[in-house]
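Novice: got a structure for you, letters missing:
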C-alpha cells in the first residue's frame, strides 16, 4: 500500500527537524552575531541550513536504499567497533545536551513567570518541570501527539520570531545585501562558525531516520518525499536564523547566563512591552520544542543500539516498534532525570559543553555518508551521491572538522575553569 501524499504527511518530519534543531544556543548565537556585526552575517544562516540539508538528505537516502538506520549501516558496513564508540559518545552527549536543554527551559520559564524571587531557584523549578512534562508527553502521547505538539510549537516559534524581526523595522536593503553577499567582518570568524555550525542541530540529525520510519517511507518515492519536507524544514530553520540576526542587530548584548532575558529586556526598549513578551513566548517555544524533540528521538538511538546486539539484520525493529521497547523507555527515564543536576550550573557552562560535544559529531557524519552512499553495492546506482552532494559533504567534513577542533581548543579552558 502506497503512503498518502497529503501536505502534513509530506512536511511532518521536516517540521520536526526544524522544531528540534532550533534551540536556545542557536537563537542566542545568531542574536549575538547580529548584535556584534549587524546584518553582515545573514548569509551564514541560510548557508548553514543548506549544509545540514545535504547531511540529513544523505541519512534519509541511505535508509530508503537499504531499509536500515544509519546506525545499523555503521555496524554492518564499517565494523562493530563504531557502534560502541557511538554509544559512549551518545551517553556523554545526552547528559550534557539534556542539561543544556533543561537549563534553557528553566530560563525561558523564569522569563515568562518567575516562581521565586531568586532567579536561580526559579530556573531550577522550571527546568525540572519542563523535563518531567516532556517525558510524560512522550511516554503517554505517542508519535501522533508528539507530531501535533511540534507542529504547534513550530507555529508559535515562527510567528513570534518572525513578527519580532518585522517589528524591529530593519533596513531591508541591508537585509538583502547581508543575505546575498557573503562577507566576513573583522573579528567575525567565530560568529560565522557559530551560526553555520549551530543552525539545524547535530546528533539529532539521526532522529530524522526514525521519524520517516514512523511514516513508512521506502524507496525512491520515499527519497522524493524526504527532499520535499527537508527543504521545507530547513527553509524554516534558515528563516529563524535570519530573523534572530535581524533582532540582535537592534540591541547590544553581552554573552552571559541571562542573555535571553537581557535580550527580551532590550527589545522592550526598542519595540515596547509587546515585543518583549512576543519574543519570550517564541523563545520558550523554541527551547521546549527542542527538549521535547530530543526526549522523543534520542531514546530511539539507544533502543536501536540494543537491537543490534539482540537480533539479526533482517529482523531489526522499525522505529514504531523501537518506541514500544523497554530500552526506549529506560533511556527516556534516564534523559529525564540524570541531567537535572546540571541545573545547578550556569546556563553558559552547560551551553558551552553542549556546543563542544555537538561539533565533534558533524565530521563523523559527513565522512561516513561519503563512504556509505558512494558504494553501489550497498546503496545501488539510483541512490548513490551525486557529484554536488559529494562536493558539499567534503566541504562540510573540512568545515566542521575545523569547527570541532577550534571549538574544543577555545572552550576547553573555560569548561575546566
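Specialist: Yes, it's here. Keep in mind that this is a model prediction, so the values were computed, not measured. Numbering: from 1, shown residues only.
Novice: how close does the residue nearest to residue 177 when sequence neighbours are not counted sit to residue 91?
Specialist: Leaving aside its sequence neighbours, residue 177 sits nearest to residue 39 (Cβ to Cβ, 6 or more residues apart in numbering; 7.4 Å). From N, CA and C alone the C-beta is placed, and that goes for glycine too. Taking Cβ to Cβ, to the nearest Å as the measure, residue 39 falls 40 Å from residue 91.
Novice: what about residue 20, which helix or strand?
Specialist: helix 7-21 (DSSP states H and E).
Novice: about what we covered before: backbone dihedrals for the residue nearest to residue 177, please?
Specialist: With angles defined as degrees, to the nearest 10, residue 39 sits at phi -100, psi 10.
Novice: Number of residues surrounding it?
Specialist: 24 (other Cβ atoms under 10 Å).
Novice: dump the residue contacts of it.
Specialist: 170, 171, 174, 175, 177, 178, 245, 246, 249 (Cβ atoms under 8 Å, 6 or more residues apart in numbering).
Novice: Top of those by number of neighbours, please.
Specialist: residue 245 (32 neighbours).
Novice: related to what we said a few turns ago, give me the subset of the contacts of residue 39 lying in helices.
Specialist: Secondary structure defined by DSSP state H assigns 174, 175, 177, 178, 245, 246 of the contacts of residue 39 to helices.
Novice: Output those residues as TSV; include the columns distance to residue 391.
Specialist: As requested, the ones in helices among the contacts of residue 39 are exported to TSV (distance: Cβ to Cβ, whole Å):
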residue	distance to residue 391
174	31
175	29
177	27
178	25
245	27
246	30
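Novice: And the residues you listed, which is closest to residue 372?
Specialist: Using Cβ to Cβ, residue 245 comes nearest to residue 372 of those, at 34.6 Å.
Novice: Not counting residues beside it along the chain, what's closest to the closest one?
Specialist: Spatially, and ignoring its direct neighbours in sequence, residue 245 is nearest to residue 34 (3.9 Å; Cβ to Cβ, 6+ apart).
Novice: How about residue 211?
Specialist: Spatially, and ignoring its direct neighbours in sequence, residue 211 is nearest to residue 13 (4.2 Å; Cβ to Cβ, 6+ apart).
Novice: Quickly note the distance from that neighbour to residue 231.
Specialist: 12 Å.
Novice: Next: residue 27.
Specialist: Taking Cβ to Cβ, one finds residue 27 at 22 Å from residue 231.
Novice: just residue 262 next, same as before
Specialist: Separation of residue 262 from residue 231 (Cβ to Cβ) stands at 35 Å.
Novice: do the same with residue 64
Specialist: 16 Å.
Novice: who has more neighbours, these two?
Specialist: residue 64 (23 against 15).
Novice: pLDDT score for the residue lying closest to residue 175 once chain neighbours are set aside?
Specialist: In this structure, residue 175 finds its nearest non-sequential neighbour in residue 39, 5.7 Å apart by Cβ to Cβ, 6+ apart. Looking at residue 39, its pLDDT stands at 89.
Novice: ditto for residue 88
Specialist: 91.
Novice: List the contacts of it.
Specialist: Counted by Cβ under 8 Å, 6+ apart, residue 88 has zero contacts.
Novice: Check which residues of the strand or helix carrying it are buried.
Specialist: Using DSSP H and E, residue 88 falls within helix 81-112. Buried residues in helix 81-112, counted by 16 or more other Cβ atoms under 10 Å: 82-83, 86-87, 90, 93-111.
Novice: any idea how far it is from the chain center?
Specialist: With Cα atoms, centre = their mean, to the nearest Å as the basis, helix 81-112 stands 11 Å off its chain's centre.
Novice: I'd like the next helix or strand past that helix.
Specialist: helix 119-167.
Novice: ok, back up a step: tell me the SS of the residue nearest to residue 245?
Specialist: Using DSSP: H, G, I helix; E, B strand; the rest coil, the three-state assignment for residue 34 comes out as helix.
Novice: How about residue 186?
Specialist: Strictly by three-state DSSP, residue 186 counts as coil.
Novice: what's the neighbour count on it?
Specialist: 6.
Novice: Also residue 334?
Specialist: 17.
Novice: Likewise for the one 3 residues further on?
Specialist: Counted with other Cβ under 10 Å, the burial measure for residue 337 works out to 14 neighbours.
Novice: Give me the nearest residue to it, chain neighbours excluded.
Specialist: Counting by Cβ to Cβ, 6+ apart, the nearest residue to residue 337 once its immediate chain neighbours are dropped is residue 131, at 7.7 Å.
Novice: who's in contact with the one you found?
Specialist: So residue 131 contacts 98, 102, 105, 291, 295, 336, 337, 339, 340 (Cβ under 8 Å, 6+ apart).
Novice: same thing with residue 322?
Specialist: Per Cβ under 8 Å, 6+ apart, neighbours of residue 322: 210, 300, 303, 304, 307, 328.
Novice: Make CSV out of these and add neighbour count.
Specialist: CSV is the format used below for the contacts of residue 322 (neighbours: other Cβ atoms under 10 Å):
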residue, neighbour count
210, 26
300, 26
303, 24
304, 26
307, 20
328, 24
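Novice: got CSV for the residues you listed, with distance to residue 276 and secondary structure too?
Specialist: As requested, the contacts of residue 322 are exported to CSV (distance: Cβ to Cβ, whole Å; DSSP: H, G, I helix; E, B strand; the rest coil):
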residue, distance to residue 276, secondary structure
210, 37, helix
300, 37, helix
303, 42, helix
304, 43, helix
307, 47, helix
328, 40, helix
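Novice: can you give me the offset of stretch 210-230 from its chain's centre?
Specialist: On Cα atoms, centre = their mean, the centre of stretch 210-230 falls 19 Å from that of its chain.
Novice: quick one: which helix or strand includes the closest residue to residue 112 other than its chain neighbours?
Specialist: The shortest distance from residue 112 to any non-neighbouring residue, by Cβ to Cβ, 6+ apart, is to residue 280 (5.5 Å). According to DSSP H and E, residue 280 maps onto helix 273-308.
Novice: Which residue ranges of the stretch 251-400 of the chain form helices?
Specialist: Per DSSP state H, counting those that start in this stretch, the stretch 251-400 of the chain carries helices over the ranges 259-271, 273-308, 319-322, 326-337, 347-372, 376-379, 387-416.
Novice: Averaged pLDDT, the fifth one. What do you get?
Specialist: Translated: helix 347-372. Across helix 347-372, the per-residue pLDDT values average to 75.
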